[in-house]
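**Q** could you look at this predicted model? Sequence included:
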Amino acid sequence: MQNTVRTIPRPLVRTNQWFIVLSVISSWISGQEWILAIPLLAGLLGLVFNYNPVMRLAKLFLRKSPSSYIPEEHSQQQFNQVIAVVCLALGLASFLIGWTIAEYVFTIMVALAAFVAILGFCIGCFIRFQWQQYRYRKSKSGT
């Protein structure tokens with residue numbers, strides 16, 4: 001049995017990150033918090049049905065074969081997407097119940113994480129790596 005790693009071309013990942021950042025900023029500027037529902041829905045579709053409409057649309061604009069781009073690991077991106085979906089959902093829920101400070105905390109977290117990832121440091125990757133290291137050390141110690 002061959003162990004293959006699923007990947008996503010980096011331009012599609014970057015497009016999704018930019019979409020999150022711009023959606024959050026648009027919701028802040030316009031005061032229309034419902035805009036957060038758009039990247040939230042796209043993220044949920046990606047997690048549940050493996051169909052992220054933002055990435056699917058962006059894929060139409062790739063100039064080369066998807067395999068010719070720098071690959072991003074699918075499972076890592078799914079982990080990152082879970083974090084983004086949770087932050088977007090908590091931000092939107094906070095708006096709906098009138099918790100303005102919580103709304104800004106969660107949306108700032110997701111926008112900042114996505115923007116920092118665009119710049120080259122993936123906070124979600126760091127969190128996942130630390131979690132995997134913790135689990136490994138715990139399994140070796142037998143506790």
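**A** Received the coordinates, thanks. Numbering: from 1, shown residues only.

**Q** which residue ranges of this structure form strands?
**A** In the chain, the strands defined using DSSP state E lie at 7-9, 71-73.

**Q** can you redo these as a markdown table with mean pLDDT and distance to residue 117?
**A** Placement of C-beta: from N, CA and C, glycine included. Shown next, in a markdown table, are those (pLDDT from 0 to 100; distance: least, CB to CB, whole Å):
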| stretch | mean pLDDT | distance to residue 117 |
| --- | --- | --- |
| strand 7-9 | 96 | 13 |
| strand 71-73 | 96 | 10 |
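
**Q** would you turn these into JSON lines with distance to residue 47?
**A** Shown next, in JSON lines, are these (distance: least, CB to CB, whole Å):
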{"stretch": "strand 7-9", "distance to residue 47": "13"}
{"stretch": "strand 71-73", "distance to residue 47": "15"}
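
**Q** output the longest helix along the chain in PDB with nothing but the alpha carbons.
**A** With DSSP state H applied, the helix covering the greatest number of residues in the chain is identified as helix 74-96. C-alpha atoms of helix 74-96 as PDB (Å, rounded to 0.1, in the frame of the first residue of the first chain):
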ATOM      1  CA  HIS A  74      -4.000  18.900   2.600                       C
ATOM      2  CA  SER A  75      -4.300  17.700   6.200                       C
ATOM      3  CA  GLN A  76      -2.400  20.700   7.500                       C
ATOM      4  CA  GLN A  77      -4.700  23.000   5.500                       C
ATOM      5  CA  GLN A  78      -7.700  21.200   6.900                       C
ATOM      6  CA  PHE A  79      -6.400  21.800  10.400                       C
ATOM      7  CA  ASN A  80      -5.900  25.400   9.700                       C
ATOM      8  CA  GLN A  81      -9.300  25.700   8.200                       C
ATOM      9  CA  VAL A  82     -10.900  24.200  11.300                       C
ATOM     10  CA  ILE A  83      -9.200  27.000  13.300                       C
ATOM     11  CA  ALA A  84     -10.400  29.600  10.800                       C
ATOM     12  CA  VAL A  85     -14.000  28.300  10.800                       C
ATOM     13  CA  VAL A  86     -14.100  28.200  14.600                       C
ATOM     14  CA  CYS A  87     -12.900  31.800  14.900                       C
ATOM     15  CA  LEU A  88     -15.200  33.000  12.100                       C
ATOM     16  CA  ALA A  89     -18.200  31.200  13.700                       C
ATOM     17  CA  LEU A  90     -17.400  32.600  17.200                       C
ATOM     18  CA  GLY A  91     -17.000  36.100  15.700                       C
ATOM     19  CA  LEU A  92     -20.300  35.900  13.900                       C
ATOM     20  CA  ALA A  93     -22.100  34.400  16.900                       C
ATOM     21  CA  SER A  94     -20.600  37.100  19.100                       C
ATOM     22  CA  PHE A  95     -22.000  39.700  16.800                       C
ATOM     23  CA  LEU A  96     -25.500  38.000  16.800                       C
END
